[in-house]
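K.L.:
Okay, structure incoming, though there's no sequence with it:
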């Protein structure tokens, strides 16, 4: 009876070994278990005795599988073969006469890609004064982004309105009203480099801007991209078209565009953000525009944050009778979605 039990255990062990995936190491050792995936240059392997192992591919001579495995190659092809015995430095898909070099593998059993989602933030700032002074200031800012490994879309909407009480009539009149909508598209031809197309339409009646249209394109580069910090720089050409509500002459020109985007998490609760854009005419140095939106956000919970913002705009040749600079300090709340 004891002999029979021992033989059964031996046969079971042999059967389990025969059914296991195998990894052959460069030092001549081999492991039996289950090939899980390939991640960050390491083969993730489950061993019944040693648990989960992360084996550098530089230490792997070859490996085989007992069941089909999803195999992605550097040339873009995808298949799901069983891998048999192969020479050192290769894998051998069953049914194929040619082995595949380990260097040609890009992924093994990759996790399913997440569905593309739109993410964004709605910011609202409101200041109401009553008593000796009657005033209402409203600032709304919406930005939504959809990003994949290949491209990115950014949509934005900004609305400002300031109302003040007239001393003679006690009526609230609009001292500032501005609307801006934008659409931005990026195509990533490498993890850090991308081509972009950018468009923006603005209207500010109190600055006598009936319409300002900006269309352009160029190239961008991601200097820094970490879980805490992202910094991008863009450069290209834009066409600017301006029309005014007063006697200022309408204006069209081609401009050099430079822009940056910068976000940085100071800690788990506080983050810094900054966006700048400069447009300089190629024909007339008087035609220049600069804008900046910067501030700090304090995260109250997963979706709600308190924000302090600074809006700054500079127009070297504004409409007749208007100031070149416009600065606004805004405090409000934002909701992430």
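P.N.:
Structure's in. What do you need? Everything numeric in this text was worked out from a predicted model, so none of it was measured.

K.L.:
you'd agree residue 199 is in a strand?
P.N.:
Yes: Residue 199: assigned to a strand according to DSSP: H, G, I helix; E, B strand; the rest coil.

K.L.:
Surely it touches residue 217?
P.N.:
No: at 9.5 Å, residue 199 does not count as touching residue 217 under the criterion of Cβ atoms under 8 Å. The C-beta positions use only the backbone N, C-alpha and C, and glycine is treated the same way.

K.L.:
okay, now the closest residue to residue 313 other than its chain neighbours: neighbour count?
P.N.:
Among residues not flanking residue 313 along the chain, residue 326 sits closest, at 4.4 Å (Cβ to Cβ, 6 or more residues apart in numbering). Residue 326: 19 surrounding residues under other Cβ atoms under 10 Å.

K.L.:
again with residue 291
P.N.:
19.

K.L.:
next one: the helix or strand it falls within to chain centre, how far?
P.N.:
Residue 291 belongs to strand 288-299 when elements are defined using DSSP states H and E. Taking Cα atoms, centre = their mean, to the nearest Å, one finds strand 288-299 lying 18 Å from the centre of the chain it belongs to.

K.L.:
What residues sit buried inside the helix or strand following it?
P.N.:
Once strand 288-299 ends, the next helix or strand along the chain (criterion: DSSP H and E) is strand 304-315. Neighbour-count burial for strand 304-315, counted by 16 or more other Cβ atoms under 10 Å, picks out 305, 307, 309, 311, 313-315.

K.L.:
Quick check: next helix or strand after strand 304-315?
P.N.:
strand 325-336.

K.L.:
Buried residues in stretch 328-337, which are they?
P.N.:
For stretch 328-337, a neighbour-count test (16+ other Cβ under 10 Å) marks 328, 330, 332, 334 as buried.

K.L.:
ok, which stretches of the protein are helices?
P.N.:
Along the chain, the segments classed as helices by DSSP state H run 2-19.

K.L.:
returning to what we had before: please identify the buried residues of the strand holding residue 291?
P.N.:
Applying 16+ other Cβ under 10 Å to strand 288-299 flags 288-293, 295, 297, 299 as buried.

K.L.:
Among those residues, which one lies nearest to residue 40?
P.N.:
Distance to residue 40, by Cβ to Cβ, is smallest for residue 299 among the buried residues of strand 288-299, at 29.0 Å.

K.L.:
sorry, back to before: closest one to residue 67 out of the buried residues of strand 288-299, please.
P.N.:
Closest to residue 67, out of all of the buried residues of strand 288-299 and judged by Cβ to Cβ, is residue 299, at 44.8 Å.

K.L.:
So in terms of bridging, what pairs with that closest one?
P.N.:
Beta bridges link residue 299 to residue 305, judged by DSSP bridges.

K.L.:
distance of residue 237 from residue 229?
P.N.:
29 Å (Cβ to Cβ, to the nearest Å).

K.L.:
same check, this time on residue 50
P.N.:
37 Å.

K.L.:
Likewise for residue 325?
P.N.:
Following Cβ to Cβ, the distance that separates residue 325 from residue 229 is 30 Å.

K.L.:
Which one's more surrounded, those two?
P.N.:
residue 229 (13 against 10).

K.L.:
thinking that one is in contact with residue 264, fair?
P.N.:
Yes: assessed by Cβ under 8 Å, residue 229 is found in contact with residue 264 at 4.7 Å.

K.L.:
circling back to that earlier point, what's the angle between the strand holding residue 291 and strand 325-336?
P.N.:
40 degrees (axes from the mean of the first three to the mean of the last three Cα atoms, to 10 degrees).

K.L.:
pLDDT averaged over strand 288-299, what's the number?
P.N.:
The average of the pLDDT scores along strand 288-299 is 96.

K.L.:
For it, which outside residues touch it?
P.N.:
240, 255, 266, 268-281, 305-317, 334 (Cβ atoms under 8 Å, 6 or more residues apart in numbering).

K.L.:
ditto for stretch 32-45
P.N.:
Here stretch 32-45 has contacts from 17, 20-23, 31, 46-48, 52-58, 60, 63, 65, 69, 105, 107-111, using Cβ under 8 Å, 6+ apart.

K.L.:
What of stretch 176-186?
P.N.:
So stretch 176-186 is contacted by 151-162, 194-207, 220 (Cβ under 8 Å, 6+ apart).

K.L.:
Filter those residues down to the buried ones.
P.N.:
152, 154-156, 158, 160-162, 194-196, 198, 200, 202-204, 206-207, 220.

K.L.:
Give me the distance between the two termini of stretch 97-113.
P.N.:
End-to-end distance of stretch 97-113 (Cα to Cα, to the nearest Å): 31 Å.
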